[in-house]
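Asker: 3D model of this:
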Amino acid sequence: MKVSTEVFVTGATGFVGEHFLRLLCAEGVAVTALCRSSSKRGHLEDLDITWVLGDVTDGPGLTAAVMSFGKAARARGSRAWFVHGAAVISYATASGPLQDQANVEGTRNAVDAAKAAGVDRMLYVSSVVAVGLASGPTTSVDETEPFESVQQHTGQPYVGHYMRTKYLAEQLVHEAVDRGLNVVTVNPGAIFGEAQELSNTAEIFGRVDKSLIGRFAGPGSLSVVGVTDVARGMLLALERGNTGERYLLCERNLQLSELMEAISKQLGHNFRIRTLGPRTWALLVLATRIVDLVKPLRIVTPTALRLLSVQLRFESHKARRDLGWEPAPFDQVLAETVAWLRRIGKVG
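Answerer: Residues are numbered from 1 along each chain as shown. Below you'll find the model as predicted:
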């Protein structure tokens, strides 16, 4: 990337955001990042970043911040690019209103801010859950899969509020493209790697390492990828992606039992993982729903378990071909993730 490009980033202090900021700074890019006053950013203090206090749910505030950034960038003769990565990822039953506010209305505000500021290019960080579902554990889908396949394979229009809100947010982005905004989208799979706070995927390692629950897997599949590869894919999409297109960022597809066995081997256990059938898994989901009514669950929620029964299997041929994206082998990502979790004492 040329130094004559400046980038404004939302979601900067999150899991992917940290790695993306480090990549931008390593490339010599001038970075302006939005963060809430409550956000932890001490782990990023070694980076040369211009911080702006704000929140994507504050439309006027976000627009003012992006307009100020764009004006300053153009005054320096630079292109102004805007990356919208802020989102609430939650599978808690009561998380719908918060995700509507952050994921849907926050994206609406981001699109409006990009238009008002006249940015040269915008990147939206979506998710594979906004794409659709594969029909079985031996198939996979790409960017062209209709979202209606969720209804076809589950009997429901969506599985959880995160899936619903990320899909709705993407529709806002598509509408903005139709109105002339230069936007490109990336859809990462399940992301693994080092983080300041344990991610949802990192929780799997602890369960495999220390819990009997970690000996059993749901009947579903995941598309997996390393966090540094997602950051690189984001930058490549900004540089080379076609306006209005989306690019799936996944290294490979694994059935949950395969993923958990691979984690077990990296941990030095070599446990045999037993896959529970769809009917047994459905009973487990029902049991968590009953518990959730009495005491709301935070991690092992009904929605989280339901997602572990569907086929989230995707192909990244387009990103590899059009962007030149080459992710690291997932075995390497797992080894690096386990090494980090050992350093911080989360696994043995």
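
Asker: so what's Asp112 up against?
Answerer: Asp112 sits next to 59, 63 when contact means CB atoms under 8 Å, 6 or more residues apart in numbering. C-betas here are computed from N, CA, C, even on glycine.

Asker: My reading is that it lies in a helix. Confirm?
Answerer: Yes. Looking at Asp112 with DSSP: H, G, I helix; E, B strand; the rest coil, it is inside a helix.

Asker: From Val173, how far off is it?
Answerer: Separation of Asp112 from Val173 (CB to CB, to the nearest Å): 12 Å.

Asker: tell me the residue furthest from the middle of the protein?
Answerer: For the chain, the residue at maximal distance from the C-alpha centroid (CA atoms, centre = their mean) is Ala75, at 33.1 Å.

Asker: neighbours around the nearest residue to Val310 once chain neighbours are set aside, how many?
Answerer: What sits nearest to Val310 in space, not counting adjacent residues and going by CB to CB, 6 or more residues apart in numbering, is Gly220, at 5.0 Å. Neighbours of Gly220 under the rule other CB atoms under 10 Å: 23.

Asker: Show the average pLDDT along stretch 199-214.
Answerer: Averaging pLDDT along stretch 199-214 yields 80.

Asker: Mind listing what's buried along that stretch?
Answerer: Using 16 or more other CB atoms under 10 Å as the test for burial, stretch 199-214 gives 199, 201-202, 204-205, 207-209, 214.

Asker: got it, and stretch 109-125?
Answerer: Residues of stretch 109-125 classed as buried: 109-115, 117, 119-125 (neighbour count, 16+ other CB under 10 Å).

Asker: Against Phe147, how distant is Val186?
Answerer: 17 Å.

Asker: before we move on, what about Leu212?
Answerer: Note on Leu212: its distance to Phe147, by CB to CB, is 36 Å.

Asker: what do you get for Cys35?
Answerer: Noted for Cys35: a distance of 31 Å to Phe147, by CB to CB.

Asker: Next: Arg320.
Answerer: As judged by CB to CB, Arg320 and Phe147 stand 23 Å apart.
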